[in-house]
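Asks: predicted coordinates and the sequence they were generated for:
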Amino acid sequence: MPQAQSLTDVSIGVCYYPEHWPEAMWPEDARRMREAGISRVRIGEFAWSRLEPEPGTYDFDWLSRALDTLHGEGLQVVLGTPTATPPKWLVDSMPDMLPVDRHGRPRGFASRRHYCFSHAGYRRECARIVKALAETFGQHPAIVAWQTDNEYGCHDTVLSYSDEARLGFRHWLRDRYGSVAALNDAWGNVFWSMEYRSFDEIDLPSGTVTEANPAHRADFHRYSSDQVAAFNRVQVEIIRALSPGRDILHNFMTFFLDFDHYEVMKDLDIATWDSYPLGSLDVFPGDAAHKTAFMRTGDPDLQAFHHDLYRGAGRGRFWVMEQQPGPVNWAHYNVDAQPGLVRLWGLEGFAHGAETISYFRWRQAPFAQEQFHAGLNLPDGEPDRAFHEVKQLSQDLASLGPLGASASARVALVFSYEAAWFLRVQPQGRSFSYVEQVFAMYRSLRRLGLDVDVVGPDAEVSGYALVLVPSMPHVPERLAASLAACKGTLLIAARSGSRTASHRIPDNLAPGILSGLLGVKVTRAESFRPHGAVPVRYDNENYSFDRWREFVVPEAGVEVLAETEDGHPAFTRKGRAHYLAGWPDDAFLNGVVERLAREAGLATGELPAGLRSRRRGPYRFVFNYGPAAADISPYFPASEFVLGQPRLEVGGVAVLHTDVPANG
Amino acid sequence: MPQAQSLTDVSIGVCYYPEHWPEAMWPEDARRMREAGISRVRIGEFAWSRLEPEPGTYDFDWLSRALDTLHGEGLQVVLGTPTATPPKWLVDSMPDMLPVDRHGRPRGFASRRHYCFSHAGYRRECARIVKALAETFGQHPAIVAWQTDNEYGCHDTVLSYSDEARLGFRHWLRDRYGSVAALNDAWGNVFWSMEYRSFDEIDLPSGTVTEANPAHRADFHRYSSDQVAAFNRVQVEIIRALSPGRDILHNFMTFFLDFDHYEVMKDLDIATWDSYPLGSLDVFPGDAAHKTAFMRTGDPDLQAFHHDLYRGAGRGRFWVMEQQPGPVNWAHYNVDAQPGLVRLWGLEGFAHGAETISYFRWRQAPFAQEQFHAGLNLPDGEPDRAFHEVKQLSQDLASLGPLGASASARVALVFSYEAAWFLRVQPQGRSFSYVEQVFAMYRSLRRLGLDVDVVGPDAEVSGYALVLVPSMPHVPERLAASLAACKGTLLIAARSGSRTASHRIPDNLAPGILSGLLGVKVTRAESFRPHGAVPVRYDNENYSFDRWREFVVPEAGVEVLAETEDGHPAFTRKGRAHYLAGWPDDAFLNGVVERLAREAGLATGELPAGLRSRRRGPYRFVFNYGPAAADISPYFPASEFVLGQPRLEVGGVAVLHTDVPANG
Amino acid sequence: MPQAQSLTDVSIGVCYYPEHWPEAMWPEDARRMREAGISRVRIGEFAWSRLEPEPGTYDFDWLSRALDTLHGEGLQVVLGTPTATPPKWLVDSMPDMLPVDRHGRPRGFASRRHYCFSHAGYRRECARIVKALAETFGQHPAIVAWQTDNEYGCHDTVLSYSDEARLGFRHWLRDRYGSVAALNDAWGNVFWSMEYRSFDEIDLPSGTVTEANPAHRADFHRYSSDQVAAFNRVQVEIIRALSPGRDILHNFMTFFLDFDHYEVMKDLDIATWDSYPLGSLDVFPGDAAHKTAFMRTGDPDLQAFHHDLYRGAGRGRFWVMEQQPGPVNWAHYNVDAQPGLVRLWGLEGFAHGAETISYFRWRQAPFAQEQFHAGLNLPDGEPDRAFHEVKQLSQDLASLGPLGASASARVALVFSYEAAWFLRVQPQGRSFSYVEQVFAMYRSLRRLGLDVDVVGPDAEVSGYALVLVPSMPHVPERLAASLAACKGTLLIAARSGSRTASHRIPDNLAPGILSGLLGVKVTRAESFRPHGAVPVRYDNENYSFDRWREFVVPEAGVEVLAETEDGHPAFTRKGRAHYLAGWPDDAFLNGVVERLAREAGLATGELPAGLRSRRRGPYRFVFNYGPAAADISPYFPASEFVLGQPRLEVGGVAVLHTDVPANG
């Protein structure tokens, strides 16, 4: 039975827009936030037109009063910089700051994110407003953290084909290659007479007659990603100087691959992300039956994946900055959450190590683009269901007491933004999707009840018991060394090591730098249209490679664990290093991962569909995403229930005391 | 048995292009029109390049001779103004008159409708040519009516993103809001710092990074609609002055929502529309089985809906200006009509109150864009099947004698162009389609054999026995009062009253202005992907809400007639005011409508699929759209057959004497 | 049993890019080519940036050394002109040389084919570089042929909407019509006031509000096709003068209709084409089951069709210039070939009359756009499977000895690029596809084992035993006369003769110029959405017209061989001239073709699916494309096997001595 506990070490937050509401409502809003158990409030991130209503004329008084009001209730504030929404007068003063789409059309004012990351003038304007804000509020006692901008890259804004981006790209290439001859050689521009005589001849890879050189496109991805990091750095440096002791963070998104989040995080303290389980389920790949089955609870692994991803990117520190409270407005179809899920998503975030779960938004807005986006309160001020669930969540946290730190997992999944770019640039088959493959691997681990660390390409992985590397065309030397040094079990997916940093085929062919480790050589690859799979026999069962398969020549001594029907190695082992020479169907992948987990000494046992678990500190959390109620006793025997009970309804959560880590 | 009758009070027309044919053919054409029973001929509407072959040089002689030839055979003429097809020299003299697509690309010359409604210069040119025509032919005895332009908005030309539209929009906003502060407040521009300091900062809502403010978009719809009305008014005022005593009309289209037809009709005498049953069935929403079943007859309700819609818009006066005679050229797939349908469509138009049914076109053109569009005659001059069917139609009319006026129905369906814009601007679910919902409601009434008046949002509805209001986000005060005053039965669909005129959520939440009438409050809404429906139990049967459902809190005393499976009110009643809190499946909708029709004292009884009926004057007309022959006796017992007989083949028509109005 | 034979009269080639590899590798490459049985090498066609690295500065030395190296091994060279890949400095010197898409956007540098065929300046630059090359290498003993440019029209580059194209089009129209009045009359521009007062008013048919006049669009297709021919002619004239005695050729593509290949071939000696069976199967129309069944072998008729098409275009002389060796990089999905197919495709090309089959490419490129395109050798230099199959092919050829000339077939299929343009401009039904219809007819002949000549619209067909004319809206007078003179059996497809040269309906209606021959008049046509077919009764079986059907009035004496269910003639005969008044389903088409082949005195018998045959000289070749092994004895009895045996595995080839031509 749950016992009275000491104070929690995590917190609940909310997103609030004082500028949207009469000032007279602020005190009561603050009081009721506190009443719901909320202790942190994010404000300000879209308010530029109110902070600087005329060019150069600041009006910070209202914000000061809002901070004081929140502070008066003991609430801590995350102050957002307003640079995601430059006002019209600023855009009109330098129209070339607008982002440009791949057809060369400027993307105009009247929504948000209407700026090109490459634009130096806009960066200067951002520095100016951020400096003014940090000078004014840097020492305000309410402020515990700053958020830079909002959702970098949202609405497809990382790749901008502006004039300034073209000039910036040329400089960036000069820095990277030194000479144009080196660039021509690295890209292989002799092919199709694409050779340049000067960096000034190089354009952005858009509007070409047929596809541009993949090396050209890969470098433009790198350049564009670097601009996001540089743009962010400008603000961070100012805030660091003027608001010491506060954390600086940014709110990232779901399955967003257009820039390297690890790079941006080098300048930040905490990774946060915006969690919209139902909207995300609706818009990301998945079959109709899956989407219908989980439409009111969300994909059982999607939130957990991003918690683990951003915990890694944040070097252990992460928040959910925006948590869905009910229907959203932006998916193709927008359903309400099953009652209890608003609480479940919060508890799951904490179970994965979150410091703060912050709900979006305090009160549903009755105007503009997000009128259909629910909040904790209705537009007329009445509490909506989410308000009550958040209150329940705060009581749950109180009953649990300190959760402690999130322990490292024994399984690592290597995630690389560059891999996503390389595979996007040259998929070689319409169905090849990096993120789908990564997510399938993650799911195969999670259905075994395993805790997972998602780690970047620079991570040291040698200490893990099991390491999974999804398709990673370019494997950096450091990672290759770390994999070689690992005493644990390795699973390397097809296409890994198949390209150099310059997007060329390595001289020794794929898997290139991993050839010694894996003991195979890939001579040919093929991609399949739906229903064009090749059968694979493995472990006395029939599976298949769909989407992708490779023709592999193993060196002497390499064990062939599975073969395709036409007689080629499908799954090989050299020592503890395994290679999967294709895109396995789900059952095949599950079989392989279960075998390797067993070999790695990780207790395994398949959980029912939709039942997921995560350990934090003294607790094991268990979540039921449905579609059916489940008795969890067989999977977590002889445990003491701190919250919940053995029978978990859909949407239910159980928290168990655990001394023995189950499944690692 | 049919008896010899006195003269008809309706007429048959045809569209004719004398400029396409050698003048020597005109007299014989006119003679054969008369022979077929045709009495009205529309001409001239695309002939600008022949009326003004050089800038400022008119050549009206040929038109004069054509009028005289037609007049000589006793034919009455509708003269079209040629403004839908400005000649190349005019476009070249002011290229900025071209409409501009949402990507900013001008839409050029070489087809038709290549003008922007906002362009003042083009309006002046139109005034000039219309004035010249009206001065010349205004008193010509052949002319009974004028048609302004042709099919306003066809080919997506209402929304034009030209420079002149941008300037016009700014003026229009200034007129509407007075101050930019008022606009900022009405639109909620504080959201995302979209606030403007001047009307001159406001652009058209295109090319934004993500969706623009729905209030911004809704106002651009209103502005664009107003330009159509203003464009039309220029011509009307000239013709009124110079051709007194003639009707002025325009030919509208099928399911066309881009401008408010009620506004345009304020300046016109007769609403006419262009009826292409087979083409319309092909291009409008509907499943494949439905489209195949009716491919040669047309949707059983589509023509009737538009007859009723335009009869309402025309304050009782309407025509079909273009009636399909065989295959058309513009649908995705173009089939021939079942023999008999050309006649059926004509009779159905008259049954719904049409004064004139005019066939398009006299003779199939052997050149240019519409070579595959059938006519009453083949390109070689031989009569095609439609010629004979029209002749039969004229004999039918003679045998029926005067049809009298179309009586008011006892059922009203409220139709609003603004509702269509609001729901297009913010559908909140990909499948939410205003026109599909309206049409489903219309069909549910028609399958009960009920005559229906389609009425606009300004209509007085208090006298109807049954009023249906499809989703109408903004309900004007006058309509709200009229609904409140109605002693009949009301059915209000979900989303009605959910927005203010400024596209904001009302302070008291949906249904806003209808809250008192309905006694409910909507707290949340959701939209469903296919197969994501919520079950509803109603009247001991299982139904569902698909596409949409709302969470509704009823006030005390409101009766809950149906509940969703998860325990929320689905269908409520307060007095005679019913609210449907979602998008019902067809069976659910039919059940609801049948119940309300019964309660409203309207005799009901379901007709077989494809059998439809309409009363006019002393007659009840019955039409069989198929797919099977039907014995109509059970539905229309003890009636005297003026045309046809109890067994109606597919494509058959029966006309019965009726003193007792069946089903209202 | 195969016997030792004398030398072959055909050759194997390969595509080679010396500029991609260190010069030190060239000699060994050349030696191994010879070892594989290769005797011809194509080089140079993308090398402009290496041939002229700076404007006006040629570097031909490396090419000279490459030629010498190849010549030293006895290899014959096809030298490509590099005009498909102008270097960046050239594009920058005249940016208006870029092709322009239909939205008016220039299509930029950084891939290939970035030029507009209309651009006079670029034609001059091409003449300059070709002249320099021809002056230098015109007499080089290694060179046996020149290839102009590469794959004209690839990546949708024939239709360019550039300023220069607009000016060129106006001149072309002036030449064609003489006066603008004649043009207005021919196009029917009175329709919709599209009349022009001067050729200078005429724009390209893009960006119009709705579809432009089909005559306008058809003429723009003709103009654009003429520019390809003119562009090619510039190079041919220079090479003819400077490199006498060498063949000049170009490499065409699969199902490519954007220009008239017969016109281009008037200036060339040999038609060659690029054969990618697996990529082509993937990207061209076909249902999923078909694509899966043949995914590793290719469509059984696709290669044969193009062999026959280009043999006709080449007046008997054709090559395969690029033959697929394994997976390609450009289809939606890219699979590997079944082992043996690389050999099969080669033998099939020779069976159809090819002089040379040349494989693409010698060695897989480890950089740039085609990294995933297989070669005969892997990027690391090891031979890939294709290398060994090519070697086997050369041994097969040696064992067969001289193949002799390809005999004329007794069946002709008339193919017209203009027909494709007309049907594209005005399909009148979304599913009407000229190329699908042509290919269905070809397949129906091939499954009967018949050899086929594909002939152009100018061909003399009167000598054939059976002539099939797929839908040919405009039938030239000469062809009409040839058909009338033909003593063989004729099958004319629906829509033939339905348009004049000016894209008008003929005065006597369709089939216009063929009316006398066929004895029918088409009064109306219709197109069907899927499942909207009309049943047809023929030869005591039930079939259907889907996609298309016509209403036909036969003159007296015309025999109606099949009728639609609704009582209209479906298949008629007047003498030996048959008319098919719709788009038959496959079974119906097969039944019709089999009947006519029998009537034409051609032995027929249906081959198993995937089994195909072609005669050349003393041999009959038999190929098994699968999906199952087959015993070919019943179809080719009592023959002597030179290669293979009666049981043909999938991918197997048999070559039989034959004195009696089977099936013509």
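Replies: Okay, I see it.
Asks: pLDDT weak spots in the stretch 251-400 of chain A?
Replies: Across the stretch 251-400 of chain A, nothing is flagged by pLDDT under 70.
Asks: what about the strands in it?
Replies: For the stretch 251-400 of chain A, the strands defined by DSSP state E, counting those that start in this stretch occupy A:270-275, A:318-323, A:356-359.
Asks: centre of the chain to stretch A:346-361, how far?
Replies: Taking the mean of its C-alpha atoms, stretch A:346-361 sits 15 Å from the chain's own mean (C-alpha atoms, centre = their mean, to the nearest Å).
Asks: can you pull the alpha-carbon coordinates of it into CSV?
Replies: Provided in CSV are the C-alpha atoms of stretch A:346-361 (Å, rounded to 0.1, in the frame of the first residue of the first chain):
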residue,chain,number,x,y,z
GLY,A,346,3.0,12.6,-17.0
LEU,A,347,4.0,9.7,-14.9
GLU,A,348,5.7,8.0,-17.8
GLY,A,349,7.8,11.1,-18.4
PHE,A,350,9.0,11.1,-14.8
ALA,A,351,9.6,7.3,-14.9
HIS,A,352,12.0,8.0,-17.8
GLY,A,353,13.9,10.6,-15.8
ALA,A,354,12.1,13.9,-16.6
GLU,A,355,12.7,16.7,-14.1
THR,A,356,9.6,18.6,-15.1
ILE,A,357,6.5,17.8,-17.1
SER,A,358,4.9,21.0,-18.3
TYR,A,359,1.4,21.0,-19.8
PHE,A,360,0.4,23.0,-22.8
ARG,A,361,-1.6,25.2,-22.2
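Asks: that stretch vs chain B: in contact?
Replies: No - using C-beta under 8 Å from any C-beta of the partner chain, stretch A:346-361 never reaches chain B; the gap is at least 11.2 Å. All C-beta spots, glycine's among them, are computed from the backbone N, C-alpha and C.
Asks: near chain C, which residues of the stretch 201-350 of chain A?
Replies: Contact residues, the stretch 201-350 of chain A versus chain C (C-beta under 8 Å from any C-beta): A:201, A:203, A:205-216.
Asks: inside helices: which ones of those residues?
Replies: Of those, the ones assigned to helices by DSSP state H are A:Pro214, A:Ala215, A:His216.
Asks: which of the residues you listed sits closest to chain B?
Replies: The closest of those to chain B turns out to be A:His216 (C-beta to the nearest C-beta; 25.5 Å).
Asks: for the residue in the stretch 451-600 of chain A positioned nearest to chain B, which three-state class applies?
Replies: Using C-beta to the nearest C-beta, A:Pro530 is the residue of the stretch 451-600 of chain A that sits closest to chain B, at 20.0 Å. Here A:Pro530 is coil, with the state taken from DSSP: H, G, I helix; E, B strand; the rest coil.
Asks: and the gap between it and C:Val335?
Replies: Applying C-beta to C-beta, to the nearest Å, the value for A:Pro530 to C:Val335 is 13 Å.
Asks: between these two, which has more neighbouring residues?
Replies: Neighbour totals were compared for A:Pro530 and C:Val335, and C:Val335 leads with 24 against 12 (other C-beta atoms under 10 Å in any protein chain shown).
Asks: give me the element the residue nearest to that one when sequence neighbours are not counted is part of.
Replies: Counting by C-beta to C-beta, 6 or more residues apart in numbering or on different chains, A:Glu526 is the residue found nearest to C:Val335 once chain neighbours are left out, at 4.5 Å. Per DSSP states H and E: A:Glu526 is located in strand A:520-527.
Asks: for that strand, enumerate the helices and strands it packs against.
Replies: Under the contact criterion of 3 or more C-beta pairs under 8 Å, 6 or more residues apart in numbering or on different chains; DSSP states H and E, strand A:520-527 touches strand A:541-554, strand A:569-574.
Asks: neighbouring strands for the shortest one, and are they parallel or not?
Replies: Same thing as strand A:569-574. Strand A:569-574 has the following sheet partners, assigned by DSSP bridges: strand A:559-564 (antiparallel), strand A:577-580 (antiparallel).
Asks: do the first one as well
Replies: Strand A:541-554 has these partner strands in its sheet, going by DSSP bridges: strand A:520-527 (antiparallel), strand A:534-538 (antiparallel), strand A:582-584 (antiparallel).
Asks: so how far is the shortest one from its chain's centroid?
Replies: In this view, strand A:582-584 has its centroid 24 Å away from the chain centroid, taken as C-alpha atoms, centre = their mean.
Asks: again, but for the second one
Replies: How far strand A:534-538 lies from its chain's middle: 33 Å, per C-alpha atoms, centre = their mean.
Asks: show me what counts as buried in that strand.
Replies: Under the neighbour-count criterion of 16 or more other C-beta atoms under 10 Å in any protein chain shown, strand A:534-538 has A:Val534, A:Val536, A:Tyr538 buried.
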